[in-house]
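Student: What would the 3D arrangement of this be:
(one chain, ligands or ions: 1)
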Amino acid sequence: MRTRIVLKEKNLPFDRIVLDLPNKEQKQEWYLALNPYGKVPVLVEEGAWVYESALCNEYLEDKYPETALVPPEAGAKAQMRLWVEWCNSQFVPPIIGVLYEQRKPAAERVQEKITHNQAKLHALLPRLEQQLHSQEYLMGQYSMADIAFTPFLALCDRIGLNLEDFPRVRRWAERLKNRESFEEVKIGLGA
Ligand SMILES: N[C@@H](CCC(=O)N[C@@H](CS)C(=O)NCC(=O)O)C(=O)O
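Tutor: Residues are numbered from 1 along each chain as shown. This is a model prediction of the structure:
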């Protein structure tokens with residue numbers, strides 16, 4: 001979804017091929033040849049193929065710099081990448097943990113695991129609140145740092161993440177969800 005948001009923000013045409021993830025189409029040999037991790041997305045265009053959404057997005061920025069989604073200055077660019085990294089390494093795993101448990105039949109669900117991951121996630125919010133103290137987006141201007149978080153912020157209600165004590169994060173999440181690019185790609189998220 002993050003790469004589709006970038007494609008939409010940059011107004012680039014694309015064809016979307018949806019894989020049957022529950023039936024493990026992403027683990028078939030033909031797909032593993034494109035992405036050895038057996039995960040979506042993969043971005044394919046003449047002369048190039050890329051996997052890992054952050055790298056797909058960097059590729060798109062390099063190739064189609066119009067409607068810039070990274071700051072121009074090297075230091076700011078590094079900070080932006082650190083936010084993407086932080087999102088992937090810190091913010092996403094507890095969300096996946098909650099979703100994984102929630103998908104189990106009620107009888108098999110371990111409520112402590114849900115509560116534990118929700119608490120882990122909650123503990124990350126002050127850092128985001130602080131970063132948004134005097135700006136609307138993580139890097140000031142809307143960037144790939146915000147895009148990295150967007151699909152996951154849209155899941156707050158579903159995973160029971162309460163943003164009440166974090167008004168700047170709440171407003172930021174609303175701002176991201178209200179962007180036209182997200183409106184156009186969110187089908188299937190149940191958000
Ligand atoms: N770090 C990867 C994560 C990709 C990822 O986890 N994709 C999920 C769907 S959102 C997937 O393909 N899941 C199927 C699987 O792991 O088999 C990225 O950002 O591209």
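Student: quick one: contacts for the spatially most central residue of the chain?
Tutor: The centroid of the chain falls nearest to residue 148 when counting by Cα atoms, centre = their mean (3.7 Å). Each residue near residue 148 by Cβ atoms under 8 Å, 6 or more residues apart in numbering is listed here: 2, 53-54, 83-84, 87-88. (Each C-beta comes from the backbone N, C-alpha and C, glycine too.)
Student: most surrounded residue in these?
Tutor: Neighbour tally across those (other Cβ atoms under 10 Å): the maximum, 25 neighbours, falls on residue 53.
Student: Distance of that one relative to residue 169?
Tutor: Going from residue 53 to residue 169 by Cβ to Cβ, to the nearest Å gives 22 Å.
Student: Buried residues, stretch 141-161. List them.
Tutor: Buried residues in stretch 141-161, counted by 16 or more other Cβ atoms under 10 Å: 141-156, 159, 161.
Student: Of the contacts of residue 148, which is the nearest to residue 179?
Tutor: Nearest to residue 179 out of the contacts of residue 148 is residue 2 (Cβ to Cβ; 12.7 Å).
Student: correct me, but that closest one touches residue 52?
Tutor: No: if you go by Cβ atoms under 8 Å, residue 2 and residue 52 don't touch, sitting 10.2 Å apart.
Student: Backbone dihedrals for residue 8, both of them.
Tutor: phi -70, psi -40 (degrees, to the nearest 10).
Student: Roughly how far does the nearest residue to it once chain neighbours are set aside sit from the ligand?
Tutor: Distances taken as Cβ to Cβ, 6 or more residues apart in numbering place residue 181 nearest to residue 8, at 3.7 Å, with adjacent residues excluded. Counting by Cβ to the nearest ligand atom, to the nearest Å, the gap from residue 181 to the ligand is 17 Å.
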